[in-house]
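*Asks:* Predicted model, plus sequence, below.
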Amino acid sequence: MEEFQVVTRKNKKNWKKSKNLKKNEIPLLDGDTSPVIDVDKCIGRIEDIKSSMETCDFWRTIKEEIIEEALFKSLDVKEIVLYGIGSIANSKIAQHQLSLVLLITQYLKIKVMYYDPVLNDQEHLVLNGFNFVRILYNEECKRSVSIPTLFVMFHCGKAMYNNLLWANWKQLSNLVVIGNAFSSYVDRIPSSQLKQTAPYIEKVIPFTKETSITNSYHFNDVFNDTAIHVFPDDLLRKADSSFWENVKEPESNHEDVEIISKKEEGFTE
């Protein structure tokens with residue numbers, strides 16, 4: 001695959017390759033870079049990635065086994081919200097993840113809204129070129145939805161998933177979440193710690209239908225540890241009354257590197 005060239009301003013750091021990078025992993029560019037990009041070329045590059053992805057087994061598996069069979073037969077998704085895609089100029093991982101979002105959007109024929117505070121003006125123009133609708137303020141992933149909505153949150157911090165669950169605790173069945181496998185948090189984090197740092201993830205796991213996305217993509221660090229989560233009514237009905245009580249809004253922790261709060265970004269109520 002041809003390398004994506006990024007021109008950086010002289011006072012910014014150059015991109016760095018990890019010394020431990022495996023051959024099937026995509027190098028990340030330094031997050032401090034402020035790229036000057038050709039918007040049309042960037043759109044074309046992402047379109048090329050999308051076209052290539054569309055012909056591979058990875059996409060066919062997602063489309064046939066997950067979207068068609070396991071997911072959207074029972075839930076008619078009306079909108080897509082994309083959180084935390086990352087810098088599509090700086091990160092090749094973000095470019096490949098965005099390409100999958102474009103394929104899903106193309107297949108479902110529904111609109112996409114997005115938010116990520118790291119995006120610059122040129123990157124917003126790229127997403128506008130794909131007819132994505134920009135969310136203009138930092139919701140801290142606390143968007144409440146009244147219609148079936150797909151939230152795409154690749155490799156986001158657990159605080160972001162926790163906030164989303166809290167905001168939709170009374171209508172969890174409207175959510176479809178593509179992101180880090182919730183079950184992996186149970187495997188990696190002690191229960192007492194998970195209850196403290198992400199209580200809504202900890203509470204919802206028994207009532208979640210999680211479908212892992214097989215990591216068959218040719219770059220193995222793009223969709224690793226990714227799953228689709230739904231919260232079916234038949235499972236939620238099994239929850240006792242305490243599940244629905246004491247639904248306290250998660251507080252913003254400015255020391256939490258997993259999420260950028262409104263205050264950190266300069267937003268005020």
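*Replies:* Alright, I've got the coordinates. Numbering: from 1, shown residues only.
*Asks:* what about the strands in the protein?
*Replies:* 7-8, 35-36, 79-83, 112-115, 133-134, 149-153, 175-180, 209-212, 226-230 (DSSP state E).
*Asks:* tell me which helix or strand of this protein sits lowest on mean pLDDT?
*Replies:* Counting by mean pLDDT, DSSP states H and E, the weakest-scoring helix or strand in the chain turns out to be strand 7-8, with a mean of 32.
*Asks:* How about residues contacting stretch 226-238?
*Replies:* With C-beta atoms under 8 Å, 6 or more residues apart in numbering as the test, stretch 226-238 has contacts from 66, 70-71, 74-75, 154-155, 172-173, 175-183, 204, 206-213, 215. Backbone N, C-alpha and C define where each C-beta goes, glycine included.
*Asks:* who wins for proximity to Gln97 among the strands of the chain?
*Replies:* strand 149-153 (8.2 Å; C-beta to C-beta).
*Asks:* Which neighbouring elements make contact with that closest one?
*Replies:* Here strand 149-153 touches strand 79-83, helix 92-108, helix 158-167, strand 175-180, going by 3 or more C-beta pairs under 8 Å, 6 or more residues apart in numbering; DSSP states H and E.
*Asks:* and Leu125, which of the ones you listed is closest to it?
*Replies:* Nearest to Leu125, of all the helices and strands packed on strand 149-153, is helix 92-108, at 13.9 Å by C-beta to C-beta.
*Asks:* Give me the buried positions along that closest one.
*Replies:* For helix 92-108, burial by neighbour count (16 or more other C-beta atoms under 10 Å) applies to 92-105, 108.
*Asks:* quick one: which of those residues is nearest to Arg60?
*Replies:* Using C-beta to C-beta, Leu103 comes nearest to Arg60 of these, at 10.6 Å.
*Asks:* now that closest one: how far from Asn90?
*Replies:* Note on Leu103: its distance to Asn90, by C-beta to C-beta, to the nearest Å, is 22 Å.
*Asks:* swap in Asn168?
*Replies:* 31 Å.
*Asks:* So which of those two has more stuff around it?
*Replies:* Counted by other C-beta atoms under 10 Å, Asn168 and Asn90 do not tie: Asn90 has more neighbours, with 25 against 22.
*Asks:* burial of the closest residue to Trp59 other than its chain neighbours, as a residue count?
*Replies:* Distance criterion C-beta to C-beta, 6 or more residues apart in numbering; nearest residue to Trp59, sequence neighbours excluded, is Met53 at 5.3 Å. Using other C-beta under 10 Å, Met53 has 19 neighbouring residues.
*Asks:* can you pull the pLDDT of Met53?
*Replies:* With respect to pLDDT, Met53 scores 97.
*Asks:* Not counting its neighbours along the chain, what's nearest the most centrally placed residue in the chain?
*Replies:* The structure's the chain has its C-alpha centroid closest to Met153; by C-alpha atoms, centre = their mean the separation is 1.3 Å. Spatial nearest neighbour of Met153, chain neighbours left out: Gly179 (3.8 Å); criterion: C-beta to C-beta, 6+ apart.
*Asks:* residues contacting Phe223?
*Replies:* 58, 97, 100, 154, 213, 215, 217.
*Asks:* Next one: it from Pro117, what distance?
*Replies:* 23 Å.
*Asks:* of the helices and strands packed on strand 149-153, which approaches Arg45 most closely?
*Replies:* Among those, the nearest to Arg45 by C-beta to C-beta is helix 92-108 (6.9 Å).
*Asks:* other SSEs contacting the closest one?
*Replies:* helix 39-54, strand 79-83, strand 149-153.
*Asks:* mind putting those in JSON lines, distance to Asp240 included?
*Replies:* Output for those, formatted as JSON lines (distance: least, C-beta to C-beta, whole Å):
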{"stretch": "helix 39-54", "distance to Asp240": "43"}
{"stretch": "strand 79-83", "distance to Asp240": "30"}
{"stretch": "strand 149-153", "distance to Asp240": "26"}
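*Asks:* Could you say which of those is packed most deeply?
*Replies:* Scoring the helices and strands packed on helix 92-108 by mean neighbour count under mean count of other C-beta atoms under 10 Å gives strand 149-153 as the most buried, with a mean of 23.
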